[in-house]
Every structure is written in C-alpha cells, then in structure tokens.
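Peer 1: Build the 3D model from these lines:
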Amino acid sequence: MKKILLIMLSLFVYASLSAKDNEVLTVGMNELPSSLDPPTDWAIAATWTHMNMFDCLVWRNRKTADFEPWLATELNNLSPTKWNIKLRKNVKFHNGENFNADAVKWTYERIYTSSRDKFITFKQWTFIKEIEKVNDHEINMITKNPEPAFLSKMAGTGCGIQAPIAGKKNQDAGKFHPIGTGPYKLDEFKKDDSLTMSVNSDYWQRTPDIEKIIWRSIPESSTRIANLLTGNVDVTLSVPPQDWERINNNENTSISEYLTTRVMLLVLRTGPSKKNPDWTGVTSNKKIRQAIKLAIDRKLLMEVIQGMGVPTLSRITPPTLGWDAKFYNVLGEYNPEKAKKLVKESGYDGTPLVMHSSTSWLMQKEVAEIIASMLNSVGLKIDLRVMDVTTFREQVYYPYKNQDIYMDALGNSFFDPWIAVLSFRSDRRERTGWNDSYADQADKLIRSAAVNMNPANRAAEYIKLQHLVNDNGPMVPLYQMKDAIGVNKKLKWDMPLDGFLWFGDATIY
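Peer 2: Down below sits the predicted model:
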C-alpha cells in the first residue's frame, strides 16, 4: 500500500511539474533590450519585449495592417491639429493603479518636455503641443502642426502608457521599474542574459494562457537552434536557410518565414557632428561615396543570403506610403570599373576606411565580409570591425561614434515613411554629418511631407526625396530582410505577418 501511495505521489509530482513547464514560454533572442523604459530604446528587440508589458492608445493590427483603438476606444480628428481621444475604462496597471487621462498625460509629457539626450524617441513626441484633460477618460491632444502620421506615431516605438503615481516616485528616486497595463509584468531582468515576465491575470482583454515568458539572450545562431531542437527554447529568431530542413524534420519543431520591415544598409559618414566634431575621413569625398555604391553587387548578395531578402534602393518599402517600384526589388547599378575610376579621380591615398558591423541579424557577418571584399576590389582599403551586438550598440550606434561606414538593419514599426527618412533631417544627422546643398533640399522635403495632409501629394514628396537620397545621400540600402522563426509545435500562436513577437493571445498545449 505504501509503495502504491509513493508511485501515485510521484505521478502527481511529475504531472504538476509537466503542467508547470507547459505554462512557460522561452524565447531565444539574438539580443535583449538595453532598457525596459520604452522611450529609451527603439531597437526591435526592445519594442517586442516592451509591448508585452505595456499597451498604447493605438495598435497596428498585424493581420489587416490597419490602426485600431487599444487603450483608446475612440479617436476623432477634430481639425488638422486637434484630436479628441476617449480612453478605455476599468483598466488597471500592474500595481493596481487606475489607467486614466493622468496616466496618458504623464507618460507623454515626461518625454516631450525632456531633453533629447534623455530619450531616444524624444523627437517622435515633439509633435505634441499640449494634452488637455477633459475628464478622467477623455483627452484632447493638440499638435504643433498638421500631423498626417498621427496614428502611426501613437502606435509606434515608446508609446506604452506607464503608471504615473509609481512612475513619478521612481523617477524622483532615480530608479525605473516598468509598470504598464500589458498582458505580462516584469519579474526579473538580467541585462544581456534574460528577461522574465509573469502573466497579468487582470489584463483588460482576457487573462493570457501562458503563465510566464522567459526571453533569453543567445547571440549565436547555432546555439539558439540547438536549444530549440532540444526543447530548451520554444521560439528562436533568425534561423539560417541551411537549418530549415533539420528543424522541419524534427518531430517537435517547425519553421515560419516572414518578410520583416527591416532594411539592411550601409551608412556613410560625410562630415563631423556635434558628438563627433573632430572627424575627418575618406567618405567626406563624394566620389568615394559614389564608388562605394557602384561597387556593391546586390545580385551576389542575394545569393549569399540564399534568397532571404528583397533588393532595394530605399528604406521606404511596400505597402508604406510613398514606396516606388523604381527603388524596390531592383538591383541598382553595379559597375566596379567605374567605381575604380572614381576612386582614382578622388585622389584617395590608401587611408583605411573603418567599417563597423555587429552580428545581430541573419548572416550579417557574412554579408559585411562580402561587402568589405567588394570595396577592397575597387581600390579602397577597408578596416572591417565586426562586434558583438552589445558592444556595437553601446560603443558605436547609440553614442554616434561610427567612423566612415557602418552596417545595420533598420526597421519601420511605424508603417509610415516619416521614420524612414528622419535621419536625413538637419537636426538628426549625428551619424552622417551630411551637410551640403542636397542635404538642404532633403531637409525641406522631409519637413514639408511631415505636415502634408494630402496623401497623394505627400507620397509624391517622399518619392522625390528617395531620388535625391539615392543619388546624393549618405545611405546605401541593400535589401529588405526576410527572416525565419523556429517554433516548438506545442506553441499555438498565429505569427503576425511581420513576425512581431506579442504573446498576449498565445497558448502552449
């Protein structure tokens, strides 16, 4: 009898452990956010993790691509510069505070009344002139100018509403703790290691099925795949094509492909900037920049990445307003002989060009090495420095300390062209130092399109801008990235068309 009881107890414990295991979703990430404060980090890894803890007033439906109310229930455009927004009632933050107009006011005023250096998304929110509280669940948002991208910005990076009472206390104490209204709340964050969230049982939509999400930093693709195959992670990012068959043939795993919003590109520094005032370099010469563009064989790049991309000459890709077939799914001019001639005409003296890259994205290291070889072959000497993701972000990207060339992938989670051209505006050129007559023309077009409420005319301005930048600008788009996610088949989750990792509607069975 005692033996039977022990067996039954063992079975009960095993069943309990199995049930507990099934309540945990583990995600293998190539990088984790640098901060859990939404307006301080707009890398896609940060956007994904933030949006599982926070909600915004507006949400981009990942199936229809339409904007829809989220923490707002109704948005009415009363005039080109005034929006009336009705807020959802009976919603609570993770700490029990009520979601209301005060929370919205504090969240956004905290950003747009601060300094640019404090929040990376600062410029995104400076379009707001004033937020008027009508009552606890209604506000009027007044913009400085007509704002055709209003819904895009309200649903974009850094839009998560924060708990104001705790937020003010933490801010005064020099601390930050993420307290949102999202489907999950923070348990623990170990920078560059892991981020653990537990379910918000009072989530206003419904209580999510998954009890806990663990986001693990696993920079090496091969390690992420090994963890997926052994069941140590349930979702893994950026799976190379050569591993798809192995994952699909594994009994418990499968591959899902998708087209990201990210464009892999080169950025060329053309001059000094406030944060890099002493820069002098080879890429200040326009003939060198033209030679770099002509030296790149996108057809070969497509072979290298095994079809995991669409060649493009622009960051504005379909279905974003202003995309143009002249720049999308085209290879662009490849003329290495002309590039060699331009290098010679420039008076280039053999000074090495520093090219920074990280290993963040699918086959990024291999692509960086191929491009360095292409540039070397036309007479340039490339000092390629491939860094781990954290080092690249902290030492090069965020402090604007890039030298001559850097390679990265930039996305568009706003689904509007304003963000894709923002770095060409006169006050946003810290990474390029672009400052000539073409830069002045670009600045005028960007500022005009930003307040143009006529969609057709606005699109025409962005098309004109793309011609200008493609011919004279400091950016060299390469391809819009495709990606593949490896998933454990026990996860029931309809992956969004853009691969956005939001798990409020996911189930493990």
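Peer 1: Let me see the domain layout of this structure.
Peer 2: The record's domain split for the chain, according to automatic domain parsing, is 21-32+182-252+489-508, 54-172, 260-482.
Peer 1: Reformat these as a markdown table; add distance to Ala43 and mean neighbour count.
Peer 2: Quick note: C-beta positions are derived from backbone N, CA and C, even for glycine. Listed next are the domains of the chain as a markdown table, based on distance: least, C-beta to C-beta, whole Å; neighbours: other C-beta atoms under 10 Å:
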| stretch | distance to Ala43 | mean neighbour count |
| --- | --- | --- |
| domain 21-32+182-252+489-508 | 7 | 18 |
| domain 54-172 | 9 | 18 |
| domain 260-482 | 7 | 19 |
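Peer 1: Of all these, which one comes closest to Ala45?
Peer 2: Each of the domains of the chain has some distance to Ala45 by C-beta to C-beta; the shortest is domain 21-32+182-252+489-508, at 5.0 Å.
Peer 1: host element of Val354?
Peer 2: Assigned by DSSP states H and E, Val354 belongs to strand 353-358.
Peer 1: Can you pull out the low-pLDDT segments for the stretch 201-350 of the chain?
Peer 2: Counting by pLDDT under 70, the stretch 201-350 of the chain contains no low-confidence range.
Peer 1: That one: helices as residue ranges?
Peer 2: With helices called from DSSP state H, counting those that start in this stretch, the stretch 201-350 of the chain shows them at 221-229, 244-249, 286-294, 298-304, 336-345.
Peer 1: can you tell me which of those helices comes nearest to Pro352?
Peer 2: Closest to Pro352 of the helices of the stretch 201-350 of the chain, according to C-beta to C-beta: helix 286-294, at 12.7 Å.
Peer 1: Dump that closest one to PDB, keeping only the CA atoms.
Peer 2: Extracted in PDB, the C-alpha atoms of helix 286-294 (Å, rounded to 0.1, in the frame of the first residue of the first chain):
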ATOM      1  CA  LYS A 286      31.500  62.400 -52.800                       C
ATOM      2  CA  LYS A 287      33.400  60.400 -55.500                       C
ATOM      3  CA  ILE A 288      34.300  57.900 -52.800                       C
ATOM      4  CA  ARG A 289      30.700  57.600 -51.800                       C
ATOM      5  CA  GLN A 290      29.600  57.100 -55.400                       C
ATOM      6  CA  ALA A 291      32.300  54.400 -55.800                       C
ATOM      7  CA  ILE A 292      31.000  52.500 -52.800                       C
ATOM      8  CA  LYS A 293      27.500  52.400 -54.200                       C
ATOM      9  CA  LEU A 294      28.800  51.300 -57.600                       C
END
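Peer 1: by contact count, what packs against that helix?
Peer 2: Using 3 or more C-beta pairs under 8 Å, 6 or more residues apart in numbering; DSSP states H and E, the elements in contact with helix 286-294 are strand 253-268, helix 336-345.
Peer 1: Can you tell me what sits against that helix?
Peer 2: Around helix 286-294, the neighbours that count as contacts under C-beta atoms under 8 Å, 6 or more residues apart in numbering are 266, 268, 270, 282-283, 332-336, 338-340, 342-343, 345-346, 348, 375, 378, 380, 405, 472, 474, 476.
Peer 1: got the angle between that helix and strand 253-268?
Peer 2: 160 degrees (axes from the mean of the first three to the mean of the last three C-alpha atoms, to 10 degrees).
Peer 1: quick one, helix 286-294 and strand 353-358 angle?
Peer 2: For helix 286-294 against strand 353-358, the angle by the same axes, to 10 degrees is 40 degrees.
Peer 1: Next, the angle helix 336-345 makes with helix 286-294.
Peer 2: Going by the same axes, to 10 degrees, helix 286-294 makes 160 degrees with helix 336-345.
Peer 1: Can you give the distance of helix 286-294 from its chain's centre?
Peer 2: Helix 286-294 sits 28 Å away from the centroid of its parent chain (C-alpha atoms, centre = their mean, to the nearest Å).
Peer 1: ditto for stretch 408-422
Peer 2: Stretch 408-422 has its C-alpha centroid displaced from the chain centroid by 8 Å (C-alpha atoms, centre = their mean).
Peer 1: Equivalent analysis for stretch 268-288, please.
Peer 2: On C-alpha atoms, centre = their mean, the centre of stretch 268-288 falls 26 Å from the chain's centre.
Peer 1: got it, and stretch 212-223?
Peer 2: Centroid separation for stretch 212-223 versus its chain: 18 Å, with C-alpha atoms, centre = their mean.
Peer 1: all helices of the stretch 401-509 of the chain, in order?
Peer 2: 417-420, 437-449, 455-472.
Peer 1: Could I get those helices in a markdown table, plus columns for mean pLDDT?
Peer 2: Output for the helices of the stretch 401-509 of the chain, formatted as a markdown table (pLDDT from 0 to 100):
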| stretch | mean pLDDT |
| --- | --- |
| helix 417-420 | 93 |
| helix 437-449 | 97 |
| helix 455-472 | 97 |
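Peer 1: Dump the ones you listed into TSV; add distance to Ser221 as well.
Peer 2: Shown next, in TSV, are those (distance: least, C-beta to C-beta, whole Å):
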stretch	distance to Ser221
helix 417-420	27
helix 437-449	37
helix 455-472	32
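Peer 1: and of these, who's closest to Asp494?
Peer 2: Checking the helices of the stretch 401-509 of the chain against Asp494 by C-beta to C-beta gives helix 417-420 as the closest, at 26.2 Å.
Peer 1: Now do that closest one: which elements does it pack against?
Peer 2: Applying 3+ C-beta pairs under 8 Å, 6+ apart, one finds that helix 417-420 contacts helix 150-154.
Peer 1: from the middle of its chain, how far away would the helix it packs on be?
Peer 2: Chain-centre distance of helix 150-154: 16 Å, with C-alpha atoms, centre = their mean.
Peer 1: now do stretch 78-87
Peer 2: That offset, for stretch 78-87, works out to 28 Å (C-alpha atoms, centre = their mean).
Peer 1: now the end-to-end length of it.
Peer 2: 16 Å (C-alpha to C-alpha, to the nearest Å).
Peer 1: Now the phi/psi pair for Gly473, please.
Peer 2: Phi and psi for Gly473, reported as degrees, to the nearest 10, are phi -80, psi 170.
Peer 1: Quick one: residues contacting it.
Peer 2: Shown in contact with Gly473 (C-beta under 8 Å, 6+ apart): Phe424, Trp434, Tyr438, Ala439, Ala442.
Peer 1: among these, which two are most distant?
Peer 2: Across the contacts of Gly473 (C-beta to C-beta), the longest gap, 9.7 Å, separates Phe424 and Tyr438.
Peer 1: quick one: contacts of the strand holding Val354?
Peer 2: Taking C-beta under 8 Å, 6+ apart as the rule, strand 353-358 contacts 281-283, 364-365, 368, 371-372, 375, 380-389, 391-393, 396, 402-408.
Peer 1: The stretch 301-450 of the chain: strands as residue ranges?
Peer 2: 309-311, 353-358, 382-387, 405-410 (DSSP state E, counting those that start in this stretch).
Peer 1: distance between stretch 135-155 and the chain's centre?
Peer 2: Relative to its chain's centre, stretch 135-155 lies at 22 Å (C-alpha atoms, centre = their mean).
Peer 1: Can you check the distance spanned by that stretch, start to finish?
Peer 2: 23 Å.
Peer 1: Let me know the average pLDDT across that stretch.
Peer 2: Summarised as a single mean, pLDDT over stretch 135-155 is 95.
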